[in-house]
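Q: I'd like to go over a predicted model; first the sequence, then the structure.
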Amino acid sequence: MMKYRNMTLREIKENEYDLLQDFLYEAIFIPEGVELPAKEIITQPELKLYYEDFGTEKADYCIVADDNGRVVGAVWTRIMDDYGHVDDDTPSFAISLYKEYRGMSIGTNLMERMLELLREKGYKKASLAVQKANYAVRMYEKVGFKIVDENSEEYIMICLL
């Protein structure tokens, strides 16, 4: 466990898995001036795969940022056919923090701890997809992710472990 001010990074508890739905919604990147989608968007099949039956697959790992008993951020991985999918042995990342906790290095700490965990578990690489306009691209590069592919809107990034 790691402290950040009064923040603790720890593995998620089974009774907290439902929080992943909230964090998935928080993770949706909305460019300036674009209206936030309805919360129901996370029930679409391409988004449900980030949280549905979490904890049942081999690469289902989640580390949360706990601020005095309140979970304020999460990074989680799973091998899924998402936008960042590169192969069936590579976990894809999802990360999200409540807005008021962004810009405090908590996301970087969560990412670093998850990369460490994946190394310990024997994974060789991790992947993610991120919209090109998302400020988080710089953070992903800082922790070791490199752009390996792109389309008109997103980068596919990989971190070799």
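A: Sure thing, it's come through.
Q: Beyond the helix or strand of the chain with the lowest mean pLDDT, next helix or strand please.
A: Of all helical and strand segments in the chain, the minimum by mean pLDDT, DSSP states H and E falls on strand 2-4, at a mean of 48. Downstream of strand 2-4, the next assigned helix or strand under DSSP states H and E is strand 7-11.
Q: packing partners for that following strand?
A: Counting contacts by 3 or more C-beta pairs under 8 Å, 6 or more residues apart in numbering; DSSP states H and E, strand 7-11 packs against strand 61-67, helix 106-120. From N, CA and C alone the C-beta is placed, and that goes for glycine too.
Q: which parts of the longest one are buried?
A: Going back to what we said before, that points to helix 106-120. In terms of neighbour count (16 or more other C-beta atoms under 10 Å), helix 106-120 has its buried residues at Ile106, Gly107, Thr108, Asn109, Leu110, Met111, Glu112, Arg113, Met114, Leu115, Leu117, Leu118.
Q: which helices and strands sit right next to that helix?
A: In this structure, helix 106-120 packs against strand 2-4, strand 7-11, strand 61-67, strand 70-78, strand 92-97, strand 125-131, helix 136-142, with contacts taken as 3+ C-beta pairs under 8 Å, 6+ apart.
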